[in-house]
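Novice: structure for the following, please:
(2 chains)
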Number of protein chains: 2
Amino acid sequence: MTKKITLIGAGPAGSLLSTFLAKRGFQVEIYERRPDMRRVQISAGRSINLAISTRGIHALQEAGLWETINKIAVPMKGRMMHSVKGELAFQPYGKDETEVIYAVSRAELNKALMTEAEKQPGVTIYFSERCTGMDFKTGDVRLRNETTGQERVIKCETVIGTDGSASAIRTDMLKVGRFNFSQEYLEHGYKELTIPPGSNGAFQVEKNALHIWPRHTYMLIALPNFDGSFGCIFFFPFEGEESFANLDTEAKVLDFFKTQFPDAIPLMPDLTKEFFVNPTGSMVTIRCNPWHVNEKALLIGDAAHAIVPFFGQGVNCAFEGCIQVAALIDQYNTDWEKIFSEFEKMRKINTDAIAELALENFIEMRDRVADPKFLFKKKVEHALEKKYPDLFVPKYSMVTFHRLPCSVALSRGRIQDRILSELCGSIEQIEDLDWRKAEQLIKRELIPLQTP
Amino acid sequence: MTKKITLIGAGPAGSLLSTFLAKRGFQVEIYERRPDMRRVQISAGRSINLAISTRGIHALQEAGLWETINKIAVPMKGRMMHSVKGELAFQPYGKDETEVIYAVSRAELNKALMTEAEKQPGVTIYFSERCTGMDFKTGDVRLRNETTGQERVIKCETVIGTDGSASAIRTDMLKVGRFNFSQEYLEHGYKELTIPPGSNGAFQVEKNALHIWPRHTYMLIALPNFDGSFGCIFFFPFEGEESFANLDTEAKVLDFFKTQFPDAIPLMPDLTKEFFVNPTGSMVTIRCNPWHVNEKALLIGDAAHAIVPFFGQGVNCAFEGCIQVAALIDQYNTDWEKIFSEFEKMRKINTDAIAELALENFIEMRDRVADPKFLFKKKVEHALEKKYPDLFVPKYSMVTFHRLPCSVALSRGRIQDRILSELCGSIEQIEDLDWRKAEQLIKRELIPLQTP
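Specialist: Numbering: from 1, shown residues only, chains lettered A, B, ... in the order given. So this is what the prediction gives:
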């Protein structure tokens, strides 16, 4: 039996997965709709910056790539909140300096992953080949060459759809019987903006932080780039009084930013130009099941479970999925039906959880981080973690700095939220924390964490 | 301005809506994928029988059709439960003999509605014309003639998709930005079976009831037909130990039915033949929004909100939607953008509610109706209704015998369930009901009902 497999999409998930597959002796063909971004200047996808954290780092280490990426990554130690008055407040992500997340250019990450994939024997990436669908009975995959417009059909034994949130493979699964599917859009859109480097490539605001201008129903954020610039994203409703629909002139945009983000506006010389040239992106949560059709095709990454970006876990979770597929191949060889169904069984509960956590985190980022009570709770969380490191780990940390299943992070997070509310309800400084009560609650409600 | 409108699908919703539109001076063209079922013998759709109740009757009365349909409808006064031992238990649907639902042949209903529609000036139904999609910018609707295979495009100003749960209009809305959509299948399928008439067209079991053989995780039901037969539906899991997948020989089917439905099997001479000839149907809940694209297209009925059949409200709700669209046209003339968005705004909350109620009712029908405690609660419900007719109306009755919004029925139903549990917790006969407590709870928690 030939160990041959076809991937649709050479994004981060497809590129990394192909490396894992090649290392297991598979011949991998990847069809990617875009041209080779290492040769042609193109937009790398829907967002310029990614935040890589423990789950993603682990996968990159397994692929032998973390050292390369680490060199072009900017560590972010916490959130830097900017008030309307320009006051700054810093909230660390982790319990200490080892717990940081890494801002990485999506394009650079993708390029490195493609180069690594192509180094493996048996991996071939075909560029500008758009998959337009698949027949799951025959294994026919339809392709259209984006340069020549030519259409053709290739016969495939096993296909993995790593083709992102608008997956063509998934669209054809909709035609298969009893395919459960949902796509749910946020009423907010986003606009990418830039803070360019200062003189001599200097960072114009704190380098090692994710900056947030939280304004309750909307927000501006900024992630550091390796070159001294910041990639900014403005999250704002599509419709309504304060909305993209209403910010329809340069004057209105300038006026709005001057009122709401006065300390940011001097740093954004191209604001109005970018605002009207860059498209307004939408954000969607995709849920579906099954993720596979028999032994013929599997969805992985955003194709199976696209999430909103507010927990910074989209690519980290996709990478985690790649590792899990590889582990199942080690166990079941080429019994694809078994591999695909086991993958879905163990994984869907966790991608459902991170989808929910990501939706919740939007409210945290745009609204709650501006609340001193919330920041106080975060302090208490880290104090509790320090004392009970295997019992009380903040929800954010469980997802970001640990690799335990996200469904566990979600349910333990709910319990911890209750405990925190009970402990912080009547106090205003950490010195007043009732440690006896804390110990009682924590030991009663939580069992020790088992990190894989 | 010409008052012209295009409907996709001449099922019950499309046919009734066209009548309402024609009466308002519109020229209506309907494209129906099936041949004319009044001339050709075809399957009328996914289910043989429908239950028409107050919402549907009201719409049929408005169209001047209820008298015709009433003549071929069989009133069902309640549920007749069949135990494994063949014991019967009857549970009335309403508070008295006026509250009944009507079993009607889906085909006969559809034929009558089409005939009525064609009587209206300006209504034309084109048969065997399958809509394969729509371009919402140009108004181009793609059609394929199912007899000749010929494809063509027609230009439309305004389109209403009455094309059911597999709507082609909705499929193309998926390609429009930010279209929220979900399709969720039950793990149960269904199989249509028949109890033929006895000698001289006699009904072989009680005529005026919906028969249920509730078996916890699955059930068999039977609805009376006008000709003395019963249309039976067997609801059963697709997969698992007790499943369609495992009932794969005639011997297994016979053995299973003999064990589980011993009193039904002598009435079903064609059981094994029908079991393997008839397809296994699937059941889906469809939710989406928006229901319209600008002023170009609207979804209505199953196309917008297909539900599972366990509350018997699919067609009743579709009819209710037709009346509401007509009322909005009376108010806004041909301001389609306004009509469509108002329709969605007032209606979606109620179709979401009936979708949830229908899912819940499956558990009630297949499991809870076999529980004496549940039947006792139903008795108490009707006693409370008799005493407080404008305050306490059972959930089933609010949906089935009233026309108040289903979202109100859902939320009042939740409150009433709580009250009932409190009242029935410790008693076993209605004589022991604490009427003072009942009055206290009811008057505290419920405000008088306002039926439209």
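
Novice: for the rest of this, base every contact and every neighbour count on C-alpha atoms.
Specialist: Will do.

Novice: from the contact counts, what lies against the strand or helix carrying A:A383?
Specialist: For A:A383, the host element (DSSP states H and E) is helix A:372-387. With contacts taken as 3 or more C-alpha pairs under 8 Å, 6 or more residues apart in numbering or on different chains; DSSP states H and E, helix A:372-387 sits against helix A:406-424.

Novice: so what secondary structure elements neighbour the helix it packs on?
Specialist: helix A:336-366, helix A:372-387, helix A:395-400, helix A:435-445.

Novice: the helix holding A:A383 vs helix A:406-424, what angle?
Specialist: 110 degrees (axes from the mean of the first three to the mean of the last three C-alpha atoms, to 10 degrees).

Novice: mind checking the SS state of whatever residue of the stretch 151-300 of chain A ends up closest to chain B?
Specialist: Closest residue of the stretch 151-300 of chain A to chain B, C-alpha to the nearest C-alpha: A:S182 (3.9 Å). Under the three-state scheme (DSSP: H, G, I helix; E, B strand; the rest coil), A:S182 adopts strand.

Novice: please apply the same query to the one 5 residues further on.
Specialist: Following three-state DSSP, the label given to A:E187 is strand.

Novice: next one: it from A:L247, what distance?
Specialist: 16 Å (C-alpha to C-alpha, to the nearest Å).

Novice: just want to know which of the two has more residues nearby.
Specialist: A:L247 (18 against 15; other C-alpha atoms under 10 Å in any protein chain shown).

Novice: nearest residue to that one in space, please, no chain neighbours.
Specialist: Leaving aside its sequence neighbours, A:L247 sits nearest to A:V253 (C-alpha to C-alpha, 6 or more residues apart in numbering or on different chains; 5.7 Å).

Novice: count of neighbours near the one you found?
Specialist: 18.

Novice: quick one: A:E157 is in a helix?
Specialist: No: judged by three-state DSSP, A:E157 forms no part of a helix; its state is coil.

Novice: phi, psi of the residue nearest to the spatial centre of chain A?
Specialist: Note on chain A: the residue nearest the mean C-alpha position is A:G314, at 2.3 Å, using C-alpha atoms, centre = their mean. Per-residue torsions, A:G314: phi -50, psi -60 (degrees, to the nearest 10).

Novice: report the contact partners of the closest residue to it other than its chain neighbours.
Specialist: Once flanking residues are discounted, A:G314 sits nearest to A:I307: 6.3 Å by C-alpha to C-alpha, 6+ apart. By C-alpha atoms under 8 Å, 6 or more residues apart in numbering or on different chains, the residues touching A:I307 are A:283-286, A:314, A:354-355, A:358.

Novice: around chain B, pick out the residues from the stretch 51-200 of chain A.
Specialist: The stretch 51-200 of chain A comes close to chain B at residues A:178-185, as judged by C-alpha under 8 Å from any C-alpha of the partner chain.

Novice: now with 10 Å?
Specialist: A:166, A:171, A:174-175, A:177-187 (C-alpha under 10 Å from any C-alpha of the partner chain).

Novice: one more: the stretch 251-400 of chain A?
Specialist: Residues of the stretch 251-400 of chain A lying near chain B (C-alpha under 10 Å from any C-alpha): A:282-289.

Novice: so what's A:C156 up against?
Specialist: Taking C-alpha atoms under 10 Å, 6 or more residues apart in numbering or on different chains, we find A:C156 in contact with A:4-7, A:29, A:134-136, A:138-141, A:296-297.

Novice: let me fix that, I meant to ask about A:S341.
Specialist: A:290-295, A:298, A:347.

Novice: rerun that using 6 Å as the cut-off
Specialist: A:S341 makes no contacts at all, as judged by C-alpha atoms under 6 Å, 6 or more residues apart in numbering or on different chains.

Novice: and it, how far is that from chain B?
Specialist: Noted for A:S341: a distance of 14 Å to chain B, by C-alpha to the nearest C-alpha, to the nearest Å.

Novice: how near is that residue to A:L193?
Specialist: Taken as C-alpha to C-alpha, the span from A:S341 to A:L193 is 41 Å.

Novice: do A:V153 as well
Specialist: 40 Å.

Novice: these two: which has the busier surroundings?
Specialist: Taking neighbours as other C-alpha under 10 Å, A:V153 and A:L193 compare with A:L193 leading, 23 against 15.

Novice: which strand residues bridge that one?
Specialist: Beta-bridge partners recorded for A:L193 (DSSP bridges): A:C232.

Novice: pLDDT below threshold where in chain A?
Specialist: A:1-2, A:43-47, A:451-452 (pLDDT under 70).

Novice: so it: which segments form each domain?
Specialist: A:4-74+A:102-182+A:283-361, A:185-282, A:371-445 (automatic domain parsing).

Novice: which pair of the contacts of A:I307 spans the longest distance?
Specialist: A:M283 and A:I354 (15.0 Å; C-alpha to C-alpha).

Novice: which of the residues in stretch A:269-284 are buried?
Specialist: A:271-272, A:275, A:280, A:282-284 (16 or more other C-alpha atoms under 10 Å in any protein chain shown).

Novice: chain center to it: distance?
Specialist: 20 Å (C-alpha atoms, centre = their mean, to the nearest Å).

Novice: can you check stretch A:73-85 too?
Specialist: On C-alpha atoms, centre = their mean, the centre of stretch A:73-85 falls 18 Å from the chain's centre.

Novice: so for it, what gets flagged as buried?
Specialist: Neighbour count says stretch A:73-85 has A:73-84 buried, by 16+ other C-alpha under 10 Å.

Novice: and it, how far apart are its ends?
Specialist: 30 Å.
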